[in-house]
Every structure is written in C-alpha cells, then in structure tokens.
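Engineer: based on what follows, work out the 3D shape:
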Amino acid sequence: MGKRRQILIGMAAGLLWAVCLTGLPLWLDLPYIPAPIALPGAFVAPGLFLLFLIGRLAQRRFFSDAIIDGQAFEPGSAAEIDQRVLTNSVEQLVLALALWPFVAVTLGGAVAIALGIGFFVMRLLFWIGYHRAPPMRGLGFAGTFYPTVVATLWAVVAWAL
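Structural biologist: Below you'll find the model as predicted:
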C-alpha cells in the first residue's frame, strides 16, 4: 500500500474521530458547562502537549554540542522533526484559540473540553507518526484539525438555527 493511500486512510479515520469527538458530549446529553468555566480546562491538555514538546527540544539542545548555542537543526534530524511538529502544533492551537470559544458558547463547554483532550491525544500520534510512520502522522494531523473544523461547522449550523 502506498504512502498516499495510507495517509488518506489516516485522514478518513481522523474525520470519523472528529465527528465522534464533537458529537459524543452532545449525544450523551452531558450537563451544560458554561464556556467561561470550560475554556480554561479545554486548553490545559493542548498547553501540556506544547510544554512537553518544548521541553524535549530544550533537552535535545542541552545534550548536543552541535545545537546547544541555538544553531539550526540538521535537516531531517530528530530535533528538526520535533521543531516541525511544534510549529504545526502552534498553528493548530492558534486556530483552536480562535474557534473553540464560539464552539463552547454555542454547543456547550463539554464539547470544548473533549476537543482539548482529543488535541493532546492526536498531537501525540502526530509526533510519533512524524518520527515513525506517515499514516500515523496523517491520522494525528487530521485528528487535530478536523475536530476544530467539524465542531465549528456544527456550531455555525446550531447558531444559525
């Protein structure tokens, strides 16, 4: 099976994950959590992921004479891959910061908290996949990006009705 097909399967699984992650708190009819209470909790898991990743990059720099003074990472090195994961994770988190508050106000805070937990899980898969297997990377990316898209579209429709 080719890489594109494997990545496509990961993306399809990420879309399924997105629908389930967004819908589960709604389908379970969980108690309504107001957005101002839920949002700080929703961003804890994504923040912890960034903390771990930044810490890992700092550790790599500390133990390598080649990069300890802030030099660029060698292309294709584990540190350079971690930097790419960090860059993409920050992009994903900025998108979440822009859209999850609307989702939390419209669909309830439980959805935002689920998105935050899902962010952490899928970013881990993305990170591992970037080092080991393209399909895991595809699932990790889609499983972080698509929930924000699905939840936002769901919230827009709910808000419009």
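
Engineer: hey, which helix is longest across this protein?
Structural biologist: helix 78-107 (DSSP state H).

Engineer: report the buried residues of that helix.
Structural biologist: 79-80, 82-83, 85-86, 88-89, 92-93, 96, 99-107 (16 or more other Cβ atoms under 10 Å). The C-beta positions use only the backbone N, C-alpha and C, and glycine is treated the same way.

Engineer: for the protein, what spans make up the helices?
Structural biologist: According to DSSP H, the helices that the chain contains are 3-27, 35-42, 44-62, 78-107, 109-132, 134-160.

Engineer: how about these, which one is nearest residue 70?
Structural biologist: Closest approach to residue 70 among these (Cβ to Cβ): helix 44-62, 7.5 Å.

Engineer: which ones are touching the closest residue to residue 22 other than its chain neighbours?
Structural biologist: Setting aside the residues directly before and after it, residue 22 is nearest to residue 151 in space (Cβ to Cβ, 6 or more residues apart in numbering), at 4.5 Å. By Cβ atoms under 8 Å, 6 or more residues apart in numbering, the contact set of residue 151 is 18, 21-22, 99-100, 103, 107, 111, 115.

Engineer: and if we set it to 7 Å?
Structural biologist: 22, 103, 107, 111, 115 (Cβ atoms under 7 Å, 6 or more residues apart in numbering).

Engineer: distance of it from residue 121?
Structural biologist: Distance of residue 151 to residue 121, given as Cβ to Cβ, to the nearest Å: 15 Å.

Engineer: kindly report the same for residue 25.
Structural biologist: 15 Å.

Engineer: okay, the two: which has more neighbours?
Structural biologist: residue 25 (20 against 16; other Cβ atoms under 10 Å).

Engineer: and that one, what is it in contact with?
Structural biologist: With Cβ under 7 Å, 6+ apart, residue 25 has these contacts: 108, 110-111, 114.

Engineer: between the residues you listed, which sits nearest residue 55?
Structural biologist: residue 114 (25.5 Å).

Engineer: count of neighbours near residue 142?
Structural biologist: By other Cβ under 10 Å, neighbour count at residue 142 equals 25.

Engineer: with adjacent residues omitted, what lies nearest to residue 35?
Structural biologist: residue 104 (3.8 Å).

Engineer: could you dump the helices of the chain into CSV with mean pLDDT added?
Structural biologist: Output for these, formatted as CSV (pLDDT from 0 to 100):
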stretch, mean pLDDT
helix 3-27, 92
helix 35-42, 94
helix 44-62, 96
helix 78-107, 97
helix 109-132, 95
helix 134-160, 93
